[in-house]
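Student: Quick one: sequence and predicted model below, then my questions.
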Amino acid sequence: MQSGNALPQGRVVRARFTSQALAGNPLGDPTERELVVYLPPGYDDATQAERRYPVIFVLTGYMGSGVQFLNWSAFTKTLPQQLDELAARENDSGAVIAVFPDCFTAYGGSQYINSSAVGNYDDYLLELARHVDATYRTHGDGGRGICGHSSGGYGALIGGMRHPEVWNAVGCRSGDMGFDLCYLRDMPALCNASQRTEGDLARLLSEILAKERKSGDDFAALSMLAMAACYAPNPAAQPLPFDIPVDLATCAIIPAVWARWLAHDPLELLDQSAVQAALRSLKLLYFECGRRDEYLLHFGARRLDRKLAALGIPHTYEESDDGHSGTAYRYPLVIAKLAAALAH
């Protein structure tokens, strides 16, 4: 791994993992996937052969996959390079094992939840957690963190809400929440796009996926179809096995379907006592957002901050002078907070 400086370097493992959780998934997506794991400086040192480390799963946003964290870009550092710097800056206390999973789907993403229309991606992450613990020198129970950006931030937060015994610290960056603001704004694009195929969403989906050059409206429509598949699967629906929450002709909300979407909104989930108990048990609940987020996610984050405060649930919320994109520089900041919380 090239670093461009004299810092001790970690090692990136690019392995293959065959999932049982994704076997038979309805989209026919691969069950064997690349699993990228970053091992910190000193991991391979024979004098530290007994040392164990916190492990942090890092989830990408919609349309992303874990391997993207290795991509070189001008005047920036890869995430492994940033993690090398973190380990050195924190006098080695910031040394972590980081896992970059591949949860891409034929629709572009999974939201990291189980869906009969997409596949069992919540189960897949739990499966990977067990595999990583069995393969590398992790702390295991009590030493796992999860973080991500956008859809990945949503997946991290939902993971902490549902499985605090597995994900002991959560870092959510610009995560999907406040569905009325972040999703309904793109429903007109889906309705307009559906006119091209006389309301035939299966044909619309096929045409968008077949395009070599997709427009902004194409991506907006595709993302809403993907979200519908995650949040409102319906095996009886035809021709696609999920429900859209608006009337395609008028863009009017269909209350019964929209309620199924909202059941996945972190702001709604927080009303459940089990979710409140889960979040109270975390070693860290940290979330952040840019105050200029184009998807209006900062408003949802502020609502979450207020609800958590009213419930007396420990958390930290921060805002930065950012929009939704171009914020990869914040990953080491979030991971450092998780590492400190998970330190044994």
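Tutor: Now that the structure is in, tell me what you want to look at.
Student: which regions of this protein sit below the pLDDT cut-off?
Tutor: Applying pLDDT under 70 to the chain picks out residues 1-5, 91-92, 344.
Student: and the residue of it most remote from its centre, what are its phi and psi?
Tutor: What lies farthest from the middle of the chain is residue 47; by Cα atoms, centre = their mean that is 35.5 Å. Torsion angles at residue 47 (phi, psi; degrees, to the nearest 10) stand at phi -70, psi -10.
Student: give me every residue that touches it.
Tutor: If a contact means Cβ atoms under 8 Å, 6 or more residues apart in numbering, then residue 47 has no contacts. Where you see a C-beta, it was placed from the backbone N, CA and C, and this is true even at glycine.
Student: Please enumerate the strands of the stretch 101-250 of the chain.
Tutor: Listed in chain order, the strands of the stretch 101-250 of the chain (DSSP state E, counting those that start in this stretch) span 114-115, 119-120, 144-149, 169-173.
Student: Excluding chain neighbours, what is closest to the residue nearest the centre of the chain?
Tutor: Nearest residue to the geometric centre of the chain (Cα atoms, centre = their mean): residue 152, 1.4 Å. Closest residue in space to residue 152, ignoring its immediate chain neighbours: residue 59 at 3.2 Å, by Cβ to Cβ, 6 or more residues apart in numbering.
Student: how far away is that neighbour from residue 39?
Tutor: Computed as Cβ to Cβ, to the nearest Å, the residue 59 to residue 39 distance reads 19 Å.
Student: between the two, who's got more neighbours?
Tutor: When neighbours are counted by other Cβ atoms under 10 Å, residue 59 comes out ahead of the other of residue 59 and residue 39, with 29 against 20.
Student: Wait, that one touches residue 156, no?
Tutor: Yes. Using Cβ atoms under 8 Å, residue 59 is in contact with residue 156, at 5.9 Å.
Student: Common neighbours of the two, please.
Tutor: 112, 146-148.
Student: contacting residues around the residue nearest to the centre of the chain?
Tutor: 58-61, 64, 112, 173, 175.
Student: hmm, 6 Å instead?
Tutor: Listed by Cβ atoms under 6 Å, 6 or more residues apart in numbering, the contact partners of residue 152 are 59-61.
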